[in-house]
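Colleague: can you look at this prediction? I've put the sequence above it.
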Amino acid sequence: MPAALLLSPFVLQDVAGSKGVDWNRLSQTGAAYGFTSAIISALALAGVAGSLIVQNRQARAEQVQGIRSYYLELVRLELDDMALYQPVWGDTDIADPHDQKRHVYADLMMNYAWMGYEIGTIREPLLRDMLSGMFTGEAGRHYWSRARTSWTASSSGNRIGRRFLTIVGEGACSRCCRRTADALGRRPESA
C-alpha cells in the first residue's frame, strides 16, 4: 500500500501526458472530495465517541445491577433466618421478629423505589403514589423514622438522590401532618 502511494504521482503524470488531463479541474474536484471526506470522517469519529459513551453507561448499569442483585441476596438470607443474621447489623431497637421483617421488607420497597426512580422507570407521580401507600401504614412510618439518616447519608450525593429524598420526606411529612390534623380534628393546610 505505501508503495502504491509513492508511485501514484508518476502513474498520474504518465496518464496525464497521454490523455491531456486538466490538472486544475482534477485538483478542484479532489479538494471538493477532500472536504466531503473530512465531514464523513468527523461524523464517523462522533459515532465512535457516542458508541463509547453508550458502552460506558451500559457497563456502569451492569455494575450497579450486580451490586443490587448481591444486596437482594443478602436480604433474602436475612429474611429467611432473622435470628441468625439480624445481629450482624448490630443491636436493634426492634424487638418483635415480625416488626423486624416488616422493617427489612420496607427497606426492600424503599430500595426498589429508589432504583426505579434513579433509572427513570418509576416517575415522580408513581413514586409519590407508592410512598403514600407505604406511609399510610405504621410500619412504613417507623421504617422511615429509623432509616432516614442512613438514606440521607447514602443518597444525597447527586441531584437525583436529593430529589428522591425530598419526595420521600414530603410523603412522610404529608402522612405525619394528616395524622396530627386528624388527631386534632382539623384539616391540614398544606397536605
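Modeller: Sure, I can see it. Residues are numbered from 1 along each chain as shown.

Colleague: the spatially most central residue of the chain: what's its closest spatial neighbour, skipping adjacent residues?
Modeller: With distances taken as C-alpha atoms, centre = their mean, Ile119 lies nearest the centre of the chain, 3.9 Å away. Excluding the flanking residues, the one nearest Ile119 by C-beta to C-beta, 6 or more residues apart in numbering is Ala61, at 7.6 Å. The C-beta positions use only the backbone N, C-alpha and C, and glycine is treated the same way.

Colleague: which element is that neighbour on?
Modeller: helix 23-80 (DSSP states H and E).

Colleague: who are the packing partners of that helix?
Modeller: helix 97-119 (3 or more C-beta pairs under 8 Å, 6 or more residues apart in numbering; DSSP states H and E).

Colleague: buried set for the helix it packs on?
Modeller: Neighbour counts over helix 97-119 (16 or more other C-beta atoms under 10 Å) mark 99-104, 106-107, 109-110, 113-114, 117-118 as buried.

Colleague: any chance of those in JSON lines, plus distance to Asp129 and pLDDT?
Modeller: What follows is these, written out as JSON lines (distance: C-beta to C-beta, whole Å; pLDDT from 0 to 100):
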{"residue": "Asp99", "distance to Asp129": "25", "pLDDT": "89"}
{"residue": "Gln100", "distance to Asp129": "27", "pLDDT": "87"}
{"residue": "Lys101", "distance to Asp129": "24", "pLDDT": "87"}
{"residue": "Arg102", "distance to Asp129": "20", "pLDDT": "90"}
{"residue": "His103", "distance to Asp129": "22", "pLDDT": "89"}
{"residue": "Val104", "distance to Asp129": "23", "pLDDT": "88"}
{"residue": "Ala106", "distance to Asp129": "16", "pLDDT": "92"}
{"residue": "Asp107", "distance to Asp129": "19", "pLDDT": "90"}
{"residue": "Met109", "distance to Asp129": "13", "pLDDT": "91"}
{"residue": "Met110", "distance to Asp129": "14", "pLDDT": "92"}
{"residue": "Ala113", "distance to Asp129": "10", "pLDDT": "92"}
{"residue": "Trp114", "distance to Asp129": "15", "pLDDT": "92"}
{"residue": "Tyr117", "distance to Asp129": "12", "pLDDT": "92"}
{"residue": "Glu118", "distance to Asp129": "17", "pLDDT": "88"}
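
Colleague: which of the residues you listed sits closest to Ala44?
Modeller: Distance to Ala44 across those (C-beta to C-beta) is lowest for Glu118, with 33.3 Å.
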